[in-house]
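Visitor: Could you look at this predicted model? Sequence included:
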Amino acid sequence: MAHQKHAKLSRPSLGQYARNEWAILGTPCGKIKQLAFELVNRMSADYQIAYIDADHKSADQEAETGRDPSSAMTHGAGMELTDKITHARVEFAAMPNEHQQKAWFRSQDLVLINGNHFPGQQQIAIVNPKKPLDRKLHKLTDVGLILLSDGVGELPDFLKAHVKEMGNIPVLSAGDLDGIEAFLRQEMAERLPLIKGLVLAGGRSTRMRQDKGLLKYHGKAQRIYAYEMIEGLGLDAYMSCREDQLSELTDKFRTIPDQFLGLGPFGGILSAFREDPNAAWLVIACDLPFLSSRTLTHLLENRNSSRLATTYQSPHDQWPEPLITLWEPRAYPVLLEFLSRGYSCPRKVLINSEIELLQAPVDKELANVNHPEEYEAAMTSLQKER
């Protein structure tokens, strides 16, 4: 067996910049920018959209006109951040590499790219005699949409020969903005990350002095009750656990053993993303005896996939409740970044990120139980409700 030097990890499905990116090419750059801006105007209320282009002014031209003398870049700075009041601008002295670019654009739902200058995972090819595509066929690696400029009635033979499954690719007029927008919205809907459920059952329960996941509030161990509640929502459920718990769980449940040790729930969430970095993870703790499928359904129905996470506001302290949260795939690198800075609190990540914060239908359902006296009180309350 060949030696494997590095761990085999599941990788997120990303393009050059983001999960959803489209390089537009085959027409003059001004036309590409115009189309991109029209699409941004139409779709930015629902999606976070980025646009990538090149400055056509050469270095010699810039030297002739002179850079802004108030800019630190003029004096040799490697990076400059400017608050422009309506927006912020960041400049770098050197072009960032592929990995740095992915970090910048991870918060974006959609990236539109001037494909005349930069590659994109998928392409929108525009047939325009003024900018023929025959010299750019190497850039057409995964064409999803073809646009015909004014006066063009059919596809050129070289394009038919190059693009696979041409019959399955929609062809629209370049001026059909409604059709182009509808195409992109459909693509975004079809690529919405799948949701999986995770029950955090790997804690040591030191305050309770017995395993909280084994407490029977509803006639069965709470970890099983929570697992079945997630399955009842039509989701694949997984049990987050310690290695020493596997023998008692693997025959009955899908399990994800902790790979990030000593981090509590933070490590369980990271381990789930390591298992599947392309899924959104609905995470619930096993110490929530009042939690119902109604509250989880409300969370799912109000999901905002453009945010890092969708969660509830805790009625206890008004902060986000990290252990009844739907974490989007974009949360994975953010969680790792916080860990690299010495933070292992998922709530701190939520507080310092763009999230969808909801009010719970019933505040009591967010109550967690950590101490023996709280357990007794919860049992008494549940018995009264039956």
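Guide: Happy to help now that I have it. Numbering: from 1, shown residues only.

Visitor: ok, now which ones touch Tyr17?
Guide: If you count contacts by Cβ atoms under 8 Å, 6 or more residues apart in numbering, Tyr17 has them with 50, 52, 101-102, 104-105, 108, 111, 113, 120. For the C-beta atoms, the positions are set from N, CA and C on the backbone; glycine is no exception.

Visitor: go with 6 Å
Guide: Residues near Tyr17 by Cβ atoms under 6 Å, 6 or more residues apart in numbering: 101, 105, 111.

Visitor: Which ones among those map onto helices?
Guide: Using DSSP state H, the members of the contacts of Tyr17 that fall in helices are 101, 105.

Visitor: Now rank the contacts of Tyr17 by neighbours and give me the top one.
Guide: Neighbour counts for the contacts of Tyr17 peak at Val111, which has 24 neighbours (criterion: other Cβ atoms under 10 Å).

Visitor: Just send the contacts of Tyr17 back as a markdown table, with pLDDT and distance to Leu249 too.
Guide: What follows is the contacts of Tyr17, written out as a markdown table (pLDDT from 0 to 100; distance: Cβ to Cβ, whole Å):
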| residue | pLDDT | distance to Leu249 |
| --- | --- | --- |
| Gln101 | 87 | 40 |
| Phe105 | 89 | 38 |
| Val111 | 95 | 41 |
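
Visitor: any idea which of the contacts of Tyr17 is the one closest to Cys286?
Guide: Set against Cys286, the nearest of the contacts of Tyr17 by Cβ to Cβ is Phe105 (35.8 Å).

Visitor: Do I have it right that the closest one meets Ala18?
Guide: Yes - the pair Phe105 and Ala18 qualifies as a contact (Cβ atoms under 6 Å) at a distance of 4.4 Å.

Visitor: got any residues that touch both of these two?
Guide: Common neighbours of Phe105 and Ala18 (criterion: Cβ under 6 Å, 6+ apart): Val111.

Visitor: which residues sit in contact with Arg330?
Guide: Residues in contact with Arg330 (Cβ under 6 Å, 6+ apart) are 106, 308.

Visitor: pLDDT at it, what is it?
Guide: Looking at Arg330, its pLDDT is 96.

Visitor: Repeat that for Asp60.
Guide: So, for Asp60, pLDDT stands at 51.

Visitor: Could you do Ser70 as well?
Guide: At Ser70, pLDDT is 72.

Visitor: okay, now it: neighbour count?
Guide: Neighbours around Ser70, by other Cβ under 10 Å: 8.

Visitor: What ranges in the stretch 151-300 of the chain fall below the confidence cut-off?
Guide: 202, 204-206, 208-209 (pLDDT under 70).

Visitor: show me where it has helices.
Guide: 157-162, 177-190, 222-232, 246-249, 265-275, 293-301 (DSSP state H, counting those that start in this stretch).

Visitor: Identify whichever of those helices lies nearest to Ile256.
Guide: Comparing the helices of the stretch 151-300 of the chain by Cβ to Cβ, helix 265-275 comes nearest, at 5.1 Å.

Visitor: so how far is Gly175 from the residue nearest in space to the middle of the chain?
Guide: Nearest residue to the geometric centre of the chain (Cα atoms, centre = their mean): Arg330, 3.1 Å. Per Cβ to Cβ, to the nearest Å, Arg330 is found 34 Å from Gly175.

Visitor: same thing with Leu233?
Guide: Taken as Cβ to Cβ, the span from Leu233 to Gly175 is 44 Å.

Visitor: Over to Met79?
Guide: For Met79, the distance to Gly175 - Cβ to Cβ - is 40 Å.

Visitor: more crowded one of the two?
Guide: Gly175 (14 against 11).

Visitor: Could you look up the SS state of the residue nearest to that one when sequence neighbours are not counted?
Guide: The shortest distance from Gly175 to any non-neighbouring residue, by Cβ to Cβ, 6 or more residues apart in numbering, is to Asp150 (7.1 Å). Secondary structure state of Asp150, per DSSP: H, G, I helix; E, B strand; the rest coil, is coil.
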